[in-house]
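Colleague: Only the shape, not the letters, is given here:
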């Protein structure tokens, strides 16, 4: 499975994702997204990543379209 970036869980449970998108003609976009435990989509993101523990880092699979 291809990866769209990396995710790391900080000590306070915040998930930090560094993502990259590539498009036609060589277009590239990078973004960093932070999900603190209070974010409304936190549980969904954590489930998409297959669960994480503080200090853990893993690849981010693409979301289904």
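Modeller: Alright, I've got the coordinates. Since this is a predicted model, take the numbers as computed values, not measurements.

Colleague: quick one: low-confidence ranges for this structure?
Modeller: Filtered on pLDDT under 70, the chain yields the residue ranges 1.

Colleague: give me the beta-bridge partners of the residue positioned nearest the centre of the chain?
Modeller: Centroid-nearest residue in the chain, with Cα atoms, centre = their mean: residue 17, separated by 3.7 Å. On the basis of DSSP bridges, residue 17 is bridged to residue 7, residue 33.

Colleague: Now do the contacts for it.
Modeller: 5-7, 32-35, 45, 60 (Cβ atoms under 8 Å, 6 or more residues apart in numbering). (Glycine included, C-beta is placed from N, CA and C.)

Colleague: any idea how far residue 62 is from it?
Modeller: Using Cβ to Cβ, to the nearest Å, residue 17 is found at 12 Å from residue 62.

Colleague: quick one: residue 54 from residue 62, how far?
Modeller: For residue 54, the distance to residue 62 equals 25 Å [Cβ to Cβ].

Colleague: how about the residue of the chain positioned farthest from its centre, secondary structure?
Modeller: What lies farthest from the middle of the chain is residue 25; by Cα atoms, centre = their mean that is 24.9 Å. Secondary structure assignment for residue 25 (DSSP: H, G, I helix; E, B strand; the rest coil): helix.

Colleague: Next: residue 47.
Modeller: Relying on three-state DSSP, one would call residue 47 helix.

Colleague: ok, how many other residues are close to it?
Modeller: Using other Cβ atoms under 10 Å, the number of residues around residue 47 comes to 9.

Colleague: What segments of the protein are helices?
Modeller: 42-48 (DSSP state H).

Colleague: I'd assumed residue 29 was in contact with residue 4.
Modeller: No - with contacts counted by Cβ atoms under 8 Å, residue 4 stays clear of residue 29, the gap being 10.8 Å.

Colleague: Quickly list what's touching both of these two.
Modeller: Counting by Cβ under 8 Å, 6+ apart, the shared contacts of residue 4 and residue 29 are 20-21.
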